[in-house]
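Trainee: requesting a structural model of the entry that follows:
(one chain, ligands or ions: 1)
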Amino acid sequence: MNSPDKRITLAWTGASGAPYGLRLLECLLAADYHVYLLISSAARVVLATEHGLKLPAGPDAAKAALVTHLGCDPDSLEVCGKEDWFSPVASGSAAPKQMVVCPCSAGTLASVAHGLSDNLLERAADVVLKERGQLLMVVRETPFSTLHLENMLKLSQMGATIMPAAPGFYHQPETIEDLVDFMVARILDHLGVEQGLVPRWGYDQRK
Ligand SMILES: Cc1cc2nc3c(=O)[nH]c(=O)nc-3n(C[C@H](O)[C@H](O)[C@H](O)COP(=O)(O)O)c2cc1C
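Mentor: A predicted model of the protein is given here:
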């Protein structure tokens, strides 16, 4: 098993914002994290639509495609199948203590808020909650319905952090990548991963 503090679970779901998920994966790997990656079926559709990246169906083939796309170390990335119940992320005895759902759809938000655990992604989030680990939900929808808001409140009360994919503009973004990096920087800050993606307020803003 890798060092516990250098393992993390990342889930991509079918909300708009695939570039956030990809960039976050890239940064976690660059920071020497071992990443367990969970990808919902809808996330694959969004990834192809928004980024033109068509991942093959099986976890091993999807991993190979991502390793090629990112040029990363294959040993640092594990893509888990949605019913791979023997994955470490399925059990509190082995799961990383940190998990990020980015982007997070309203559907997965609801499933996690109600503990459905109907696939490995939902189970992994349930495990992090029960083990009192750190769960970040990067929710993307607009507007929010009352149900979305109730589900976010429920998860927040259980200790999860709700981080709406809502980039700021005070760092004077010039490109879409700047906006993506704004969100990813805030996520990395919450995870305690050192990053210098975006100037910090009051220290090194651009003039
Ligand atoms: C291109 C595309 C964009 C979508 N954007 C969103 C979104 O921003 N937020 C959301 O909650 N659902 C969005 N959806 C719908 C979800 O993908 C859908 O509800 C799906 O069932 C979610 O499943 P999952 O949570 O298992 O990924 C989008 C779907 C597609 C194909």
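Trainee: so for stretch 68-77, what gets flagged as buried?
Mentor: Buried residues in stretch 68-77, counted by 16 or more other CB atoms under 10 Å: 72, 76-77. For glycine as for every other residue, the C-beta is placed from the backbone atoms N, C-alpha and C.
Trainee: before we move on, what about stretch 87-106?
Mentor: 87-90, 95-106.
Trainee: of those residues, list those near the ligand.
Mentor: Among the buried residues of stretch 87-106, the residues lying close to the ligand (CB under 6 Å from any ligand atom) are 105-106.
Trainee: which residues in the chain form helices?
Mentor: With helices called from DSSP state H, the chain shows them at 18-30, 41-51, 59-70, 106-113, 120-130, 146-157, 176-191.
Trainee: quick check: bridge partners of residue 8?
Mentor: residue 35 (DSSP bridges).
Trainee: that one contacts residue 37, doesn't it?
Mentor: No - with contacts counted by CB atoms under 8 Å, residue 8 stays clear of residue 37, the gap being 9.7 Å.
Trainee: which two from the buried residues of stretch 87-106 end up farthest apart in space?
Mentor: 88 and 106 (27.8 Å; CB to CB).
Trainee: re the thing from before, could you list which of the buried residues of stretch 68-77 belong to strands?
Mentor: The strands, defined by DSSP state E, take in residue 77 from the buried residues of stretch 68-77.
Trainee: of the buried residues of stretch 68-77, closest to residue 59?
Mentor: Checking the buried residues of stretch 68-77 against residue 59 with CB to CB, the nearest one is residue 77 at 10.5 Å.
Trainee: what about the closest one, distance to residue 31?
Mentor: According to CB to CB, to the nearest Å, residue 77 stands 13 Å off from residue 31.
Trainee: now residue 46
Mentor: 25 Å.
Trainee: cool, residue 144 as well?
Mentor: Applying CB to CB to residue 144 and residue 31 gives a distance of 31 Å.
Trainee: over to residue 119?
Mentor: 27 Å.
Trainee: more neighbours: which of these two?
Mentor: Higher neighbour count among residue 119 and residue 31: residue 119, with 18 against 14, using other CB atoms under 10 Å.
Trainee: what's the burial count for the closest residue in space to the more buried one that isn't next to it in sequence?
Mentor: Excluding its sequence neighbours, the residue lying closest to residue 119 (CB to CB, 6 or more residues apart in numbering) is residue 82, at 4.4 Å. Neighbour count for residue 82, taken as other CB under 10 Å: 16.
Trainee: repeat that for the one 4 residues further on.
Mentor: The criterion is other CB under 10 Å. On that basis, residue 86 has 11 neighbouring residues.
Trainee: and for residue 38?
Mentor: Residue crowding around residue 38 was assessed by other CB under 10 Å; the count is 28.
Trainee: what's near enough to touch it?
Mentor: Shown in contact with residue 38 (CB atoms under 8 Å, 6 or more residues apart in numbering): 9-12, 79-80, 82, 89, 120-121, 124.
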